[in-house]
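Student: 3D, please:
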Amino acid sequence: QVQLVESGGGLVQAGGSLRLSCAASGLTFSNYAMGWFRQAPGKEREFVATINWSGINAYYADSVKGRFTISRDNAKNTVYLQMNSMKPEDTAVYYCAAGRAVVFGTTTGMNYWGKGTLVTVSS
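Tutor: Take a look at the predicted model:
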C-alpha cells in the first residue's frame, strides 16, 4: 500500500532552519505531484507548498514564500521542504501529501497523506 513517511521535524529557535523529508513507497512517485501542509494547534490544516511531478513547477503559500523551498528527488522517491528564517507561527504538525490531479494551493486531488512530523519554533 502507499506510504508517506515524514521526518526531520523538531525544535528550532526563531530564525533557524530545518529540512523536512518525506519518503514515499507503494506508488510510482514520478507520476505524482507532492505537497506539504501544516496544522497548528486549534487551527485547520493549511497549504504550505506543492511541487509538480517533474520538480519544475512549485507553488507556495504567501506566508512561507521566500523562506521555504520544496524540492524532490524522483530517484529517491523523496520530497523535501527546506525551511529557513523560521518564525514561531511556523509551529505546526507538517504533513506530506501525494496526488495525481491536484489543484495547487489546496488539498484538492491529494489522495495520500503521511502521519505528520512536529515542528516547534521557539521565540
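Student: Strands of the protein, start to end?
Tutor: Assigned by DSSP state E, the chain shows strands spanning 3-7, 10-13, 18-25, 33-39, 46-51, 58-60, 68-73, 78-83, 92-99, 110-113, 117-122.
Student: How about residues contacting the fourth one?
Tutor: When contacts are taken as Cβ atoms under 8 Å, 6 or more residues apart in numbering, the neighbours of strand 33-39 outside the stretch itself are 20, 22, 24, 45-53, 70, 72, 79, 81, 90, 92-100, 102, 104, 107, 109-110, 116, 119. Yep, even glycine has a C-beta here, placed from its N, CA and C like the rest.
Student: Give me the spatial nearest neighbour of the residue nearest to the spatial centre of the chain, chain neighbours excluded.
Tutor: With distances taken as Cα atoms, centre = their mean, W36 lies nearest the centre of the chain, 2.2 Å away. The spatially closest residue to W36, leaving aside those adjacent along the chain, is V48, at 4.3 Å (Cβ to Cβ, 6 or more residues apart in numbering).
Student: go on, A58?
Tutor: I51 (4.7 Å).
Student: so what's the one you found up against?
Tutor: A33, M34, G35, N57, A58, Y59, I70, S71, R72, V79.
Student: Could I get those in a markdown table, plus columns for pLDDT, distance to G16 and neighbour count?
Tutor: Below are the contacts of I51 laid out as a markdown table (pLDDT from 0 to 100; distance: Cβ to Cβ, whole Å; neighbours: other Cβ atoms under 10 Å):
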| residue | pLDDT | distance to G16 | neighbour count |
| --- | --- | --- | --- |
| A33 | 97 | 29 | 23 |
| M34 | 97 | 24 | 29 |
| G35 | 97 | 23 | 29 |
| N57 | 95 | 28 | 11 |
| A58 | 96 | 22 | 17 |
| Y59 | 96 | 25 | 18 |
| I70 | 98 | 19 | 21 |
| S71 | 98 | 19 | 15 |
| R72 | 98 | 23 | 23 |
| V79 | 98 | 21 | 30 |
